Every structure is written in C-alpha cells, then in structure tokens.
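**Student:** Have a look; sequence and predicted model below, questions after that.
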Amino acid sequence: MKRKYELSRGWRNNNPLNIRRGEPWQGMVEKRNQTDREFCQFLNMTWGYRAAAKCLKSYYRTFRQRDVPFDVINVILRWAPKSENDTEAYVRRVLELMGRDLDNFQLASPYTKPGAMQLGLMVAAMTCVETGCPPSAVPTDLINAGFRLAGLASPELTPQWHKE
C-alpha cells in the first residue's frame, strides 16, 4: 500500500519540486512516453533533483545580475508564484523545516560548501511542501546525488536533516 504522498504528482513524475515542462532536461522520460502535459517527468528522482539544483543555480546568477537578494523568500516567490500558491505559507513552512525563523534568510553561493548545504536543506523542505511527504520520507541521498550531477557540492544531507 502506497502512502498518500507517494501518489502525489511530484512523486509519480520523479519530479519532487514539480518543475514545469519547457526545458529539455537531462534524465527526462522520452517525450513520446510522457503522460503529464504540464510537469516534467524524470527517469528517477535523482534527475528531478538535478534539474531543481540547476534551476537554483540559474536563480543565483539571475538574482546577482539584478542585485536581488538570494534568499529563501525571493527564491520561493519565483519558484511558487502567488498566482498559483499560498506563497507566505510556503515560505513559513520551508523556513520552519530548515530550522530558521521568519526573518529574511540569505543563502550563500551554491558554488560553496555552506551554500550547497543551505540549498540542500531548502530543496528537502520544498519537497515536503510540494509532495506532502513528511520530513523523514525525503530521499536525502537522491538530493545529494542530484546536486553532484548538477555540478554542485553535495549538501551531505542525512535522513535526520529536519529540525522538528
């Protein structure tokens, strides 16, 4: 018997952060075999986490060019726009799972070890928000592998990543 979160779209598509279709990501299911018209479907979750890490790297570059703070709030405002999400609740939950308060939490460069760890924690928390899974079900080993595939340092998350 599958748990409820395992039936979520993100889990079924191996796309735990629910990346929309558009980019031809590495590790995607062949176009002719895709059944979801809106969201990417990946061969496995490691590829889904790689795509998420690549997106976050691109956010970092874009935010720096525009002199926008690279922080949890701005990342989530872009990832989960208010037109589709309760963004304030999303931010609160992510910060709570990361063990942070509701202050604007600045993120370090994803190209540094501390930055990769922060982004890894944020991706793990976003997995919970996007799929409804409990923190203990987040596949931290797959996040670590996805970050390495994306050319970033492994966040070295453990199954005890959350601070509940």
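**Tutor:** Arrived safely.

**Student:** and for stretch 53-72, what are the contacting residues?
**Tutor:** 17, 19, 25, 74-75, 78-79, 91, 94-95, 98, 100, 104-107, 109-110, 119, 122-123, 146-147, 149-152 (C-beta atoms under 8 Å, 6 or more residues apart in numbering). C-beta here means a position set from N, CA and C on the backbone, and glycine is covered the same way.

**Student:** centre of the chain versus the strand or helix carrying Phe63, how much separation?
**Tutor:** Element membership of Phe63 [criterion: DSSP states H and E] is helix 45-65. Centre-to-centre, helix 45-65 and its host chain are 9 Å apart (C-alpha atoms, centre = their mean, to the nearest Å).

**Student:** Just the buried positions in it, please.
**Tutor:** Applying a neighbour-count criterion of 16 or more other C-beta atoms under 10 Å, one finds 45-57, 59-60, 63 buried in helix 45-65.

**Student:** Just the closest of these to Trp161, please.
**Tutor:** Nearest to Trp161 among the buried residues of helix 45-65 is Tyr49, at 13.5 Å by C-beta to C-beta.

**Student:** The closest one against Val123, yeah?
**Tutor:** Yes: if you go by C-beta atoms under 8 Å, Tyr49 and Val123 touch, sitting 6.7 Å apart.

**Student:** what touches both of these two?
**Tutor:** Between them, Tyr49 and Val123 share the contacting residues 17, 143, judged by C-beta under 8 Å, 6+ apart.

**Student:** Okay, and the most centrally placed residue in the chain sits in which element?
**Tutor:** Nearest to the geometric centre of the chain sits Val123, at 3.5 Å (C-alpha atoms, centre = their mean). For Val123, the enclosing helix or strand under DSSP H and E is helix 113-131.

**Student:** what angle separates that helix from helix 45-65?
**Tutor:** Computed by axes from the mean of the first three to the mean of the last three C-alpha atoms, to 10 degrees, the angle separating helix 113-131 from helix 45-65 equals 120 degrees.

**Student:** Tell me which stretches of this protein form helices.
**Tutor:** Along the chain, the stretches classed as helices by DSSP state H are 9-12, 45-65, 72-79, 87-98, 113-131, 140-149.

**Student:** State the distance from Tyr111 to Phe105.
**Tutor:** As judged by C-beta to C-beta, to the nearest Å, Tyr111 and Phe105 stand 18 Å apart.

**Student:** More neighbours: which of those two?
**Tutor:** Neighbours were counted for Tyr111 and for Phe105 using other C-beta atoms under 10 Å; Phe105 has more, 18 against 12.
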